[in-house]
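Engineer: predicted model and sequence follow; I will ask about them next.
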Amino acid sequence: MPILLAGAVALVLIGPPDSTRVTVSSPAPHPSGPVVFAPVAYMPPVAPIAVDSLVVEKGLRQLSLFFRGELVRAYSIALGLTPTGDKERIGDNRTPEGLFHIDARNPQSRFHLPLHISYPDDIHRARAAALGVEPGGDIMLHGLPRGQEDAGSDHRKFDWTNGCIALTNEEIEEIWRAVPDGTPIQIKP
């Protein structure tokens, strides 16, 4: 695709590193001297991934994606403000532990592309009832809140959610595309 740059037409052909070429034709010299074009680095496209299960290891602050038992990707994550222990009640800022599944998604959320986790399950409801409290809900895998996207990977320097599992916006975009509703997610201590 031709790109017009300061009176020159450049045609950039991108291929494997040994075939990267830049062809330049100029109808007139550039007023400030010769134009120098840096080589174009080859960037392979991000391959789509298939995922059939997720595992969160809270102690390692890691989310792993698997397909047929093989690790596909692993991401560093941030957790709830009180990361140790299983979620017991609304407002305890803990990330729940157990076997759940991805049961919904909300592209209109104030957090980037959240995937809802099926918490509370029957076990957590029964435990909360025995304690006389509400179990809470709205536990998600999500990106950063609108207006705070610039935090990028720095958000992982501390646990900051109310019990959710947070990633960068780029990471949740990849996960959003790869993880179908119904995918099991195991959250371990």
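Structural biologist: Ah, there it is.
Engineer: for the protein, name the helix or strand with the lowest mean pLDDT.
Structural biologist: Least confident helix or strand of the chain, by mean pLDDT, DSSP states H and E, is strand 8-13 with a mean of 34.
Engineer: ranges for the strands of this structure?
Structural biologist: 2-5, 8-13, 21-25, 53-57, 62-67, 70-76, 98-105, 115-117, 140-142, 165-166, 184-188 (DSSP state E).
Engineer: mean confidence score for the last one?
Structural biologist: Averaging the model's pLDDT scores along strand 184-188 yields 98.
Engineer: just want the angle from that strand to strand 53-57.
Structural biologist: 10 degrees (axes from the mean of the first three to the mean of the last three Cα atoms, to 10 degrees).
Engineer: strand 184-188 pairs with which strands, parallel or anti?
Structural biologist: Partners of strand 184-188 in the sheet, by DSSP bridges, are strand 53-57 (parallel), strand 98-105 (antiparallel).
Engineer: select, out of these, the one closest to Asp138.
Structural biologist: For Asp138, the closest of the strands paired with strand 184-188 is strand 98-105, at 10.3 Å, according to Cβ to Cβ. All C-beta spots, glycine's among them, are computed from the backbone N, C-alpha and C.
Engineer: hmm, back to that, tell me the most buried of the strands paired with strand 184-188?
Structural biologist: Counting by mean count of other Cβ atoms under 10 Å, strand 53-57 has the highest mean neighbour count of the strands paired with strand 184-188, with a mean of 19.
Engineer: so the protein: which segments form each domain?
Structural biologist: 1-44, 53-188 (automatic domain parsing).
Engineer: quick one on the thing from earlier: now mean pLDDT and distance to Arg73 too, for the strands paired with strand 184-188, in JSON lines please.
Structural biologist: Shown next, in JSON lines, are those (pLDDT from 0 to 100; distance: least, Cβ to Cβ, whole Å):
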{"stretch": "strand 53-57", "mean pLDDT": "97", "distance to Arg73": "10"}
{"stretch": "strand 98-105", "mean pLDDT": "97", "distance to Arg73": "15"}
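Engineer: and these as a markdown table, adding distance to Tyr119?
Structural biologist: Shown next, in a markdown table, are those (distance: least, Cβ to Cβ, whole Å):
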| stretch | distance to Tyr119 |
| --- | --- |
| strand 53-57 | 12 |
| strand 98-105 | 6 |
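Engineer: point out where the chain drops to low pLDDT.
Structural biologist: 1-48 (pLDDT under 70).
Engineer: before we move on, the earlier item: take the strands of the chain and lay them out in CSV including distance to Ile172.
Structural biologist: As requested, those are arranged in CSV below (distance: least, Cβ to Cβ, whole Å):
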stretch, distance to Ile172
strand 2-5, 32
strand 8-13, 31
strand 21-25, 35
strand 53-57, 12
strand 62-67, 10
strand 70-76, 9
strand 98-105, 10
strand 115-117, 8
strand 140-142, 6
strand 165-166, 8
strand 184-188, 14
